[in-house]
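>>> Requesting a structural model of the entry that follows:
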Amino acid sequence: MPAALTLPPLGFGLGLRTAHYEEILGGPCAVDWFELLSENYMVPGGKPLHYLDRIRADYPVVMHGVSLSIASSDPLDWGYLRALKALAERVSPHWISDHLCWTGVRGKNTHDLLPVPYTEEAIAHVAARVQAIQDFLGRRILLENVSSYVSYRESELTEWEFLSEIARRADCLLLLDINNIYVSAYNHCFDAEQYLNGVPPERVQQIHIAGHSNCGDYIIDTHDADVIDPVWALYGKAIERLGPVSTMIERDDHIPPLTDLVAELNHARQVSAVALRAEAA
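Next up, the predicted model:
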């Protein structure tokens, strides 16, 4: 296996949500680090930054965005990137991530993470944009695989081949969303474990786990429920292959008390520990 390009793992984290600010500041909690949604803090001041400054004094943080639109045909939004860089300079995140998708066209943001055709043309386009962004930020970024509900007739590669080739050409890192792999595998009838086996382990910096909504014929990545057993099993397979990777549980709706999320995070610790023992054996 090639030498890892990633930073040392941070352990087990949660998304930083406003409902939990005061409880986090009230005393130590069993969370190793927090992921902040970049766009919520790309502001000149106010309560969000006030709380963030206090929390990051006690916990490592990483930045995760939803508006980079890396695969769009629009020019890069340099105003957005300047604000992103300013936030990074303020909070010193361990890394910065966003999604391998496009979110709009002609300056209009759909506020959705839209899939990309898996073609050579798209690889060249996205890799060049990632390189330009990394040069501007002065660091590697992480690209996350998104859940998808449609596919393109023009696609020439599998999603994992596409993702891996962009990471190689752009020399970027990966945020592997295990729930998104499960969702897309269900919706498009491919083998989720084949996906895991197809990504370069040396570039996987972070893992997301989340819940979803099952609509019968398809499932949607909603981040509003507990992680289900098949996703936990897939996470265990990922850790067996990748080794210890910084892992975070996403919850964006129907947000439970912090103690409930910490309990779920502790389950992630247990699944990871079992998987690492299995890999060692």
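
>>> ok, which stretches of the stretch 151-281 of the chain are strands?
With DSSP state E, counting those that start in this stretch as the criterion, the stretch 151-281 of the chain has strands at 173-177, 204-210, 213-214, 219-220, 246-250.

>>> any residues touching the third one, and which ones?
Residues from elsewhere that reach strand 213-214, judged by C-beta atoms under 8 Å, 6 or more residues apart in numbering: 219-220, 222, 224-225. To be clear about C-beta, it is placed using only N, CA and C from the backbone, and glycine gets the same treatment.

>>> before we move on, what about the first one?
When contacts are defined by C-beta under 8 Å, 6+ apart, strand 173-177 is touched by residues 5-6, 64, 95, 97, 140-147, 163, 167, 199-200, 203-210, 238, 242, 245.

>>> so for that strand, what's the average pLDDT?
For strand 173-177, mean pLDDT rounds to 98.

>>> what does the second one give?
Per-residue pLDDT values over strand 204-210 give a mean of 98.

>>> ok, now which ones touch residue 231?
178-179, 182, 209-212.

>>> Which ones among those residues map onto helices?
Members of the contacts of residue 231 lying in helices (criterion: DSSP state H): 178-179, 182.

>>> between those residues, which is closest to residue 26?
The shortest approach to residue 26 among the ones in helices among the contacts of residue 231 belongs to residue 179, at 29.6 Å (C-beta to C-beta).

>>> which regions of the stretch 151-281 of the chain sit below the pLDDT cut-off?
Within the stretch 151-281 of the chain, no range satisfies pLDDT under 70.

>>> picking up where we left off before, tabulate the contacts of residue 231 in TSV, adding columns for distance to residue 159 and neighbour count.
Shown next, in TSV, are those (distance: C-beta to C-beta, whole Å; neighbours: other C-beta atoms under 10 Å):
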residue	distance to residue 159	neighbour count
178	14	26
179	15	26
182	13	25
209	18	24
210	18	25
211	21	21
212	17	21
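
>>> Turn the residues you listed into CSV, including distance to residue 249.
Converted to CSV, the contacts of residue 231 look like this (distance: C-beta to C-beta, whole Å):
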residue, distance to residue 249
178, 11
179, 10
182, 14
209, 5
210, 7
211, 9
212, 13
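
>>> Going by distance to residue 31, which of these wins?
Comparing these against residue 31 with C-beta to C-beta places residue 209 closest, at 14.2 Å.

>>> Tell me who's in contact with the closest one.
Counted by C-beta under 8 Å, 6+ apart, residue 209 has contacts 177-179, 227, 231-232, 235, 247-250, 268.

>>> rerun that using 7 Å as the cut-off
Going by C-beta atoms under 7 Å, 6 or more residues apart in numbering, residue 209 touches 178-179, 227, 231, 235, 247, 249, 268.

>>> Just the buried ones among the contacts of strand 213-214, please.
Burial by neighbour count, 16 or more other C-beta atoms under 10 Å: within those this picks out 219, 222, 224.

>>> burial of the nearest residue to residue 25 once chain neighbours are set aside, as a residue count?
Counting by C-beta to C-beta, 6 or more residues apart in numbering, residue 25 lies nearest to residue 54, which is 5.9 Å off, once chain neighbours are set aside. Close neighbours of residue 54, defined as other C-beta atoms under 10 Å, add up to 12.

>>> how close does residue 184 sit to residue 132?
28 Å (C-beta to C-beta, to the nearest Å).
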